[in-house]
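# Have a look at this fold, sequence not included:
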């Protein structure tokens, strides 16, 4: 396995698509040097644990082409960006105009009910079954299937994908307003209800501030709002609220963040 840098402007400036594809090509070369060869490119299509990198839409296509040209597969990890969370489409990979060979899904699939799933091109499954005997004790659980179907029904019936886009834009607009008063909010990025906020000393991207991030996380928790942290330095607040979030609830978060940042700036 070879890891590649996340598709951030910090690594590739404005040439995110070209830079990320080049990094994948370099990883392929490394694997060839080790005499392994590439099997697949697997990535979360919003790179959530790396700090949430979703833009520009379509940047993944060049990297997928690189790996397919050498016989590798593209595996889309949709555990976090899937099921309408980006607001623009049902699956994160759709924003990039690519079709995966395999899609992995989990957690949101059952809205709390423990379940996961994988979708694979039939040609790959046929070849796998010819060579490998596979058995799964819990596969095809009808209770899990019912929970998953109910989730899909609610996403459609309640327009949750559209809601994610509208409320996500409200939150991002509010965060950009807060940046004017709190320069430690060095960057705000994301799509729909998947948002990353970098916290850096004096707003300098070269000075990530995980200590402040921890303080803000705890301050928000004291105010009844739970958020996580991500990124290489742990200085990115990662927002993944429920898809049914309302405008009023979004304002509760923005007000809580403003109060927390004000408290941290005084301490």
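Cool, the structure landed. Note that the structure is a prediction, hence the values are computed from the model and not measured.

# what mean pLDDT does stretch 69-89 have?
For stretch 69-89, the per-residue pLDDT values average out at 95.

# Next: stretch 258-267.
91.

# ok, now stretch 166-173?
97.

# Okay, buried residues for it please.
167-168, 170-172 (16 or more other CB atoms under 10 Å). Where C-beta positions appear, they are placed from N, C-alpha and C, glycine not excepted.

# swap in stretch 102-121?
102-106, 108-111, 115, 117, 120.

# Ends of that stretch, what's the gap?
This stretch, stretch 102-121, spans 7 Å end to end (CA to CA, to the nearest Å).

# how far is it from where the chain is centred?
15 Å (CA atoms, centre = their mean, to the nearest Å).

# which other residues reach it?
Surrounding stretch 102-121, the residues in contact under the criterion CB atoms under 8 Å, 6 or more residues apart in numbering are 40, 73-80, 82-83, 85, 91, 93, 101, 124, 128, 141, 143-144, 147-148, 150-151, 154.

# could you flag which of those are buried?
The neighbour count (16+ other CB under 10 Å) marks 73-80, 82-83, 85, 91, 93, 101, 144, 147-148, 151 as buried among the contacts of stretch 102-121.

# coming back round to it: closest to residue 239 among the buried residues of stretch 166-173?
residue 171 (7.0 Å; CB to CB).

# tell me the strands in the protein, going along the chain?
Listed in chain order, the strands of the chain (DSSP state E) span 40-44, 73-77, 102-105, 117-120, 185-191, 194-199, 228-230, 236-239.

# Including distance to residue 26, could these go into a markdown table?
Formatted as a markdown table, the strands of the chain follow (distance: least, CB to CB, whole Å):
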| stretch | distance to residue 26 |
| --- | --- |
| strand 40-44 | 13 |
| strand 73-77 | 17 |
| strand 102-105 | 23 |
| strand 117-120 | 28 |
| strand 185-191 | 25 |
| strand 194-199 | 25 |
| strand 228-230 | 24 |
| strand 236-239 | 25 |
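
# Of those strands, which is nearest residue 21?
In terms of CB to CB, the element of the strands of the chain nearest to residue 21 is strand 40-44, at 10.3 Å.

# Neighbours of residue 35, how many?
Neighbour count of residue 35, defined by other CB atoms under 10 Å: 6.

# Kindly report the same for the one 3 residues further on.
A total of 22 residues lie near residue 38 under the criterion other CB under 10 Å.

# got a pLDDT number for residue 125?
pLDDT, residue 125: 85.

# Of the buried ones among the contacts of stretch 102-121, which belong to helices?
144, 147-148, 151 (DSSP state H).

# For those residues, could you give me TSV that also reports distance to residue 250?
TSV is the format used below for these (distance: CB to CB, whole Å):
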residue	distance to residue 250
144	31
147	27
148	27
151	22
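
# What is the nearest of the residues you listed to residue 7?
Among these, and counting by CB to CB, the member closest to residue 7 is residue 151, at 28.8 Å.

# List the contacts of that closest one.
83, 108-111.
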